[in-house]
Every structure is written in C-alpha cells, then in structure tokens.
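Participant: Sequence first, then the predicted structure:
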Amino acid sequence: MPALSRLSAALLGFCAIVSAAHASILFSSDGSATPSFNTGTGYGSYASANSTAAMFQAASSGVLTDLVVANDSVGNGSFPEVLELRQDNAGVPGVVIDTFTVTLANSAGLVTAASSTHPSLVAGQTYWLEDTIPPMALVAWRLSNPAVPGTVLASRSNDGPWQSTCPDCDGTLPAFALIGATAEVPEPMTMELSLSALVALLITQRRRRASVSE
C-alpha cells in the first residue's frame with residue numbers, strides 16, 4: 001500500500017476512534033432500557049387535567065435518540081399519543097425541546113418512540129417528560145416498579161397552570177427511559193498507540209519525499 005494510502009487509512013482510523021459513540025441510558029426509572037412498571041395504578045386524566053408531567057434528572061450526558069414509556073389505553077384500542085420533553089422552569093415544565101409520538105398499546109406494556117429533534121441532555125440537569133392525553137381518550141401512564149419517588153404535576157392544558165395530581169399515586173414517578181448516544185472516550189493506551197502510528201507514518205512519508213528530492 002502506498003504511503004499516502006496508509007496515511008489516509010491511519011487518519012480515518014484515528015477519527016473513528018475519537019468520534020466513536022455507543023448507546024447509553026440517559027435516564028431510566030429503574031436503571032434499565034426496559035423499565036419495569038406497575039400494572040395497577042397509573043397516571044391519567046385527573047381533576048379535568050389531561051397533561052401529566054414527571055420531573056427527572058439526567059443520569060448521563062448524551063444525544064437523545066429514543067423514548068421507552070409504559071403507556072396504554074386501558075383496553076380502549078390503539079391510537080397515537082404525544083409526549084414532550086421539556087426543560088425545567090423554576091420547578092415546573094418549561095420550554096419544549098423534543099416531541100415523541102407513540103402508538104399506545106391496548107393493554108399494559110412498553111412502547112417506544114424515536115426522538116424528533118435529538119437534543120443533548122446534560123447529566124445532573126433537570127428535565128420534564130409530559131404526557132398529553134388525547135381528548136375523550138382513556139390512558140394510563142403506569143407507575144415505576146419498584147416505586148421511585150419524584151415530582152409529578154398535571155395541567156388542564158399542556159402549558160399549565162400546573163397542579164398536584166393522582167393522590168393514589170403517592171408521588172411515584174411513572175415508568176420511562178430515555179436512550180441516547182454517548183461519546184466514547186478512548187482508553188489512554190489506545191489513543192497513544194494510534195498517535196504513535198500516525199507520527200511514524202508522517203515521518204516515513206517525509207523521509208521518502210526527502211530521498212526523492214536529493
């Protein structure tokens with residue numbers, strides 16, 4: 001292989017190492033990509049409210065790719081439903097940064113939806129996931145299992161004013177997970193070897209050019 005081709009291959013390999021990414025759980029109510037849920041009590045329409053929002057803190061930083069949520073129609077058929085990811089605004093849901101459309105299952109189960117805007121979430125930062133129930137529909141957002149305590153609010157519209165919701169839920173977070181792509185940092189030895197190989201090829205290429213010009 002010509003030196004220039006080897007140099008190009010080395011550069012491509014080095015870039016691949018630096019830019020490699022892997023799937024990561026940015027948040028999960030039970031720490032897994034398929035969160036467990038309670039098939040009994042769940043959040044739904046309460047006190048004329050049709051939006052339920054759950055506060056959470058991102059466990060990892062990364063670019064959001066998918067939502068996994070325990071939502072179903074309680075035996076009332078299959079239909080689409082919209083969920084929104086929002087920034088925090090002084091303890092209540094703020095600006096929408098992503099939107100998901102899920103097709104609800106007829107019975108209790110997990111449904112998955114792809115991110116529409118792929119926002120970057122930051123570990124430790126507070127966000128809200130809001131579930132807006134379609135008009136005249138019956139929906140259950142199942143509780144996390146084991147129960148994870150948290151802040152859950154409701155609104156008659158999807159923009160507030162916000163109020164407490166579901167006394168029977170005891171402040172338990174609903175079940176959901178956010179999956180993302182996290183940049184993979186190369187191990188020091190891998191990075192050192194890659195850089196050494198790249199430098200060696202550059203030196204070889206320079207020496208060959210010098211020999212040709214003599």
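Facilitator: Everything's here; your move.

Participant: only C-alpha atoms for contact and neighbour calcs from this point on.
Facilitator: Will do.

Participant: Any idea how far apart the tips of stretch 164-179 sit?
Facilitator: End-to-end distance for stretch 164-179: 28 Å, by Cα to Cα, to the nearest Å.

Participant: pLDDT (mean, whole number) over it?
Facilitator: Along stretch 164-179, the predicted confidence averages to a pLDDT of 91.

Participant: Flag every buried residue along it.
Facilitator: When burial is assessed from 16 or more other Cα atoms under 10 Å, stretch 164-179 yields the following buried residues: 165-166, 169, 171-179.

Participant: In strands only, show me the residues you listed.
Facilitator: 176-179 (DSSP state E).

Participant: Would you mind giving these as a markdown table with distance to residue 105 added?
Facilitator: Putting those into a markdown table (distance: Cα to Cα, whole Å) gives the following:
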| residue | distance to residue 105 |
| --- | --- |
| 176 | 15 |
| 177 | 17 |
| 178 | 19 |
| 179 | 20 |
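
Participant: Just name the closest of the residues you listed to residue 129, please.
Facilitator: Closest approach between these and residue 129, by Cα to Cα: residue 176, at 9.0 Å.

Participant: got a list of what the closest residue to residue 57 other than its chain neighbours touches?
Facilitator: Leaving out its chain neighbours, the residue that sits closest to residue 57 by Cα to Cα, 6 or more residues apart in numbering is residue 126, at 4.4 Å. Neighbouring residues of residue 126 by Cα atoms under 8 Å, 6 or more residues apart in numbering: 55-58, 87-88.

Participant: contacting residues around the spatially most central residue of the chain?
Facilitator: Nearest residue to the geometric centre of the chain (Cα atoms, centre = their mean): residue 178, 3.1 Å. Shown here is residue 178, whose contacts under the criterion Cα under 8 Å, 6+ apart are 25-28, 33, 64-68.

Participant: Which positions in stretch 87-101 come out as buried?
Facilitator: By neighbour count, and taking 16+ other Cα under 10 Å as the criterion, the buried residues in stretch 87-101 are 87-88, 92-94, 96, 98-101.

Participant: Model confidence for residue 44, exactly?
Facilitator: With respect to pLDDT, residue 44 has a value of 81.

Participant: Spatially nearest residue to it (excluding sequence neighbours)?
Facilitator: On the basis of Cα to Cα, 6+ apart, the spatially nearest residue to residue 44 that is not a chain neighbour turns out to be residue 140, at 5.1 Å.
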